[in-house]
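Enquirer: Give me a 3D structure for the following:
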Amino acid sequence: MNIPKKKILGDWITVGENKFKIDYPLRDQKKRLQFILLSLGLTEDDNQHLKDNDIMDLDSSTQAKIILANKDYQENYIRFTVKGWDLKYNDGEDFKCVLKNGELEEKCWTEFIDAMTADELNILYSAIFDEIQFTETDKKK
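Expert: Sure thing, here's the model as predicted:
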């Protein structure tokens, strides 16, 4: 059995003008993310395939379900992986990152997610996902 060694996280990443401290989701959180995909009958590989290909080939009802599930997945992925940030409100006051049980606290997470555009959500999700995922080099270590 080959067990890939995880990267040591906990460092800060910069996305645009903002800094985020990230770490792996906990095991229970991974299960919650998988449930989002499985609720549509999708696997993580299917989800990646859909990101890499055009979903316009699917009927509109299926497209809508996939788009909403993907948004839900991204929002929760961010909730489970962001462990700190350097963000401010429009008035310059610090926007405090509040964690509860290893994830962003509900009110803090909701306020953060509600402030983001769809593009900002995609960019942040992709940056975190790319940082956390194992590469082929990581798997060989």
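Enquirer: separation between the residue minimising distance to the centre of the chain and residue 117?
Expert: Nearest to the mean C-alpha position of the chain, by Cα atoms, centre = their mean, lies residue 77 at 3.1 Å. Residue 77 sits 17 Å away from residue 117, taking Cβ to Cβ, to the nearest Å as the criterion. Bear in mind the C-beta positions are built from the backbone N, C-alpha and C, glycine included.
Enquirer: coming back round to it: quick one: buried residues of the strand or helix carrying the residue nearest to the centre of the chain?
Expert: Using DSSP states H and E, the element containing residue 77 is helix 60-81. Residues of helix 60-81 classed as buried: 65-66, 69-71, 73-81 (neighbour count, 16 or more other Cβ atoms under 10 Å).
Enquirer: Skip ahead from that helix and say which helix or strand is next.
Expert: Remark: after helix 60-81, the chain's next helix or strand is strand 82-88, criterion DSSP H and E.
Enquirer: what helices or strands is that following strand leaning on?
Expert: In terms of contacts (3 or more Cβ pairs under 8 Å, 6 or more residues apart in numbering; DSSP states H and E), strand 82-88 is packed against strand 18-22, strand 94-95.
Enquirer: Return the most buried member of these.
Expert: For those, average neighbour numbers computed from mean count of other Cβ atoms under 10 Å are highest in strand 18-22, which has a mean of 18.
Enquirer: helices and strands around that one, which ones?
Expert: Contact here means 3+ Cβ pairs under 8 Å, 6+ apart; on that basis strand 18-22 packs against strand 12-15, strand 82-88, helix 118-132.
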